[in-house]
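Enquirer: Predicted model, plus sequence, below.
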Amino acid sequence: MNAAVASVLTKTWWRYGARDDSWFSAVYHGLNLFEGAAWCLLAVLVAVRYTKHRRSRWEVVYCLAFASFGASDFREAYRLETWLIVAKFVNVVALVSLRSHLIKRFYPASRTY
């Protein structure tokens, strides 16, 4: 890999430290932990829906996409790097695509999840 590309992908934009007195760091850290838990809760809801209805195995992928997005927020709570931003973008695209497919095809009456 090109050294310039590698340095951009591994660049750290923000890091949380326990001794950091910045209000921004405390809020950013806390919100990312909360958001990670929320995404994991959505993963559980999708898993429950799958176990009840079993309409498509794509729901398992959808559940894993929510869980991985939650895990990325837990990582972001401590450090934000370029590769993580790229991975989160790819994950969001996957979530939107999977949601569109699953809702249209298997749950047309549902508008929540």
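Expert: Sure thing, it's come through. Numbering: from 1, shown residues only.

Enquirer: what ranges do the strands span in this structure?
Expert: Applying DSSP state E to the chain gives strands spanning 12-15, 79-81.

Enquirer: Same list, those, but as a markdown table with mean pLDDT, mean neighbour count and distance to residue 33 please.
Expert: Just so you know, the C-beta spots here come from the backbone N, C-alpha and C atoms, and that holds for glycine as well. Output for these, formatted as a markdown table (pLDDT from 0 to 100; neighbours: other C-beta atoms under 10 Å; distance: least, C-beta to C-beta, whole Å):
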| stretch | mean pLDDT | mean neighbour count | distance to residue 33 |
| --- | --- | --- | --- |
| strand 12-15 | 91 | 11 | 15 |
| strand 79-81 | 96 | 16 | 13 |
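
Enquirer: Of the ones you listed, which is nearest residue 51?
Expert: Nearest to residue 51 among the strands of the chain is strand 79-81; the distance by C-beta to C-beta comes to 34.5 Å.

Enquirer: Direction included, what does the closest one pair up with?
Expert: Applying DSSP bridges, strand 79-81 is found paired with strand 12-15 (antiparallel).

Enquirer: returning to that earlier point: got the strands of the chain as JSON lines, with distance to residue 50 columns?
Expert: Shown next, in JSON lines, are the strands of the chain (distance: least, C-beta to C-beta, whole Å):
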{"stretch": "strand 12-15", "distance to residue 50": "35"}
{"stretch": "strand 79-81", "distance to residue 50": "32"}
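
Enquirer: Alright, that wraps it up for me.
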